[in-house]
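**Student:** sequence and predicted structure below; questions after.
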Amino acid sequence: MTYKKILDEIPDTFECDGCTAVPDWLPSVGNIYKVCRVHDWLYSIGGDKHDRKYADIVFRDGIFAHCKAFHAIPRAWLVATTYYIGVRIFGGRHFNWRKKS
């Protein structure tokens, strides 16, 4: 599922700080707040390691989709991959770890 489809499912009452600890807006890339909102939503739902990886892949692919509208594919992929590596390394403590029923 794409981040745009998930974005429509997020309740208006869901509070999000955007891209935690990194900019939501990047020069010559633009505003990726909506992609970060989806990532935060998926992290709040939580689950197991597979759910976390799914959330991170949706995040990476969403940034890539947003960026490639402004840049050639190599630069868009660089930005998306950099953010993806960041959430894979540092995002675990923000994920809602829970066992599936």
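**Tutor:** Now that the structure is in, tell me what you want to look at. Residues are numbered from 1 along each chain as shown.
**Student:** just to check, Tyr84 is in contact with Ala55?
**Tutor:** No: the criterion here is Cβ atoms under 8 Å, and Tyr84 misses it with Ala55 at 10.8 Å. The C-beta positions use only the backbone N, C-alpha and C, and glycine is treated the same way.
**Student:** dump whichever helix or strand Ile6 is part of to PDB, restricted to CA.
**Tutor:** Secondary structure assignment for Ile6, by DSSP states H and E: helix 3-7. The C-alpha trace of helix 3-7 is given here as PDB (Å, rounded to 0.1, in the frame of the first residue of the first chain):
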ATOM      1  CA  TYR A   3       1.700   6.200   1.800                       C
ATOM      2  CA  LYS A   4      -1.000   8.300   0.100                       C
ATOM      3  CA  LYS A   5      -3.600   5.500   0.600                       C
ATOM      4  CA  ILE A   6      -2.600   5.100   4.200                       C
ATOM      5  CA  LEU A   7      -2.700   8.800   4.800                       C
END
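**Student:** going forward can the numbers begin at 321, since that is how I track them
**Tutor:** Okay, residue one is now 321; in that scheme the one you just asked about reads as helix 323-327.
**Student:** can you point out the buried residues in that helix?
**Tutor:** Neighbour counts using 16 or more other Cβ atoms under 10 Å place Tyr323, Ile326 of helix 323-327 among the buried residues.
**Student:** contacts for that helix, please.
**Tutor:** Contact partners of helix 323-327, identified using Cβ atoms under 8 Å, 6 or more residues apart in numbering, comprise Lys354, Val355, Arg357, Val358, His359, Trp361, Leu362, Val378, Phe379, Asp381, Gly382, Ala385.
**Student:** within the sheet, what are the partner strands of the helix or strand just after it, with directions?
**Tutor:** Toward the C-terminal end, the helix or strand that comes next after helix 323-327 (DSSP H and E) is strand 345-346. Sheet pairing of strand 345-346 (DSSP bridges) gives strand 350-351 (antiparallel).
**Student:** need the mean per-residue confidence for the partner strand.
**Tutor:** Averaging pLDDT along strand 350-351 gives 82.
**Student:** fine by me, thanks again.
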